[in-house]
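Q: Attaching a predicted model along with its sequence, questions to come.
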Amino acid sequence: MANQRKTAREKLSPTHDLPQMKPAPEIWGGGSMVIPHPMQVRKLMESVPEGLVITLDEIRAALARENGTDIACPMTVGIFTSIVAQASHEDKEEQGSFSVAYWRSLKRNGELNPKFPGGIEGQAKHLETEGHSIIHRGKKAFVKNYEDFLFNPL
């Protein structure tokens, strides 16, 4: 029997024990680093109220504080935000509503995430519905004055 591809919801519950604490690579500043559990990322993403946004940098800083480390792994946090977004989209398709308003999570400098379901256009539509203005710069898009709408998870 062929291996079936895991759904994003299945990926939110990995079998290995996370979070894991490791030394951070020198290129990322050294010190201690957490590789968070995907559900920690989901919890932060779902805590962002309507009308506010959070960037990957704020998510990573909150995860580092929560786990008592210097940084949170930028690679895994980026991957996990995309998995949370896809899982929420799966929930919408199967249950009729999004479980997490993933569109409120932005990349650095307020940039929209092309890896989210619906790409930049889909994320922009949700953000505009919540009152945000979107600025296009070439192939990239950003929330205008995103700093004024940043959510602080503490």
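A: Right, received. Where do you want to start?

Q: quick one, helices of this structure?
A: 8-11, 38-46, 56-67, 74-95, 119-129 (DSSP state H).

Q: Columns mean pLDDT on top of these, output as JSON lines?
A: Below are those laid out as JSON lines (pLDDT from 0 to 100):
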{"stretch": "helix 8-11", "mean pLDDT": "68"}
{"stretch": "helix 38-46", "mean pLDDT": "93"}
{"stretch": "helix 56-67", "mean pLDDT": "96"}
{"stretch": "helix 74-95", "mean pLDDT": "92"}
{"stretch": "helix 119-129", "mean pLDDT": "97"}
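
Q: Make JSON lines from those helices and add distance to Val143 and mean neighbour count to it.
A: Where you see a C-beta, it was placed from the backbone N, CA and C, and this is true even at glycine. Output for these, formatted as JSON lines (distance: least, CB to CB, whole Å; neighbours: other CB atoms under 10 Å):
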{"stretch": "helix 8-11", "distance to Val143": "24", "mean neighbour count": "16"}
{"stretch": "helix 38-46", "distance to Val143": "16", "mean neighbour count": "21"}
{"stretch": "helix 56-67", "distance to Val143": "13", "mean neighbour count": "20"}
{"stretch": "helix 74-95", "distance to Val143": "16", "mean neighbour count": "19"}
{"stretch": "helix 119-129", "distance to Val143": "6", "mean neighbour count": "16"}
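
Q: mind checking which of the ones you listed is nearest Arg108?
A: Minimum separation from Arg108 across those (CB to CB) falls at helix 56-67, 5.9 Å.

Q: is it true that Gln86 touches Gly118?
A: No: between Gln86 and Gly118 there is no contact under CB atoms under 8 Å: 10.8 Å.
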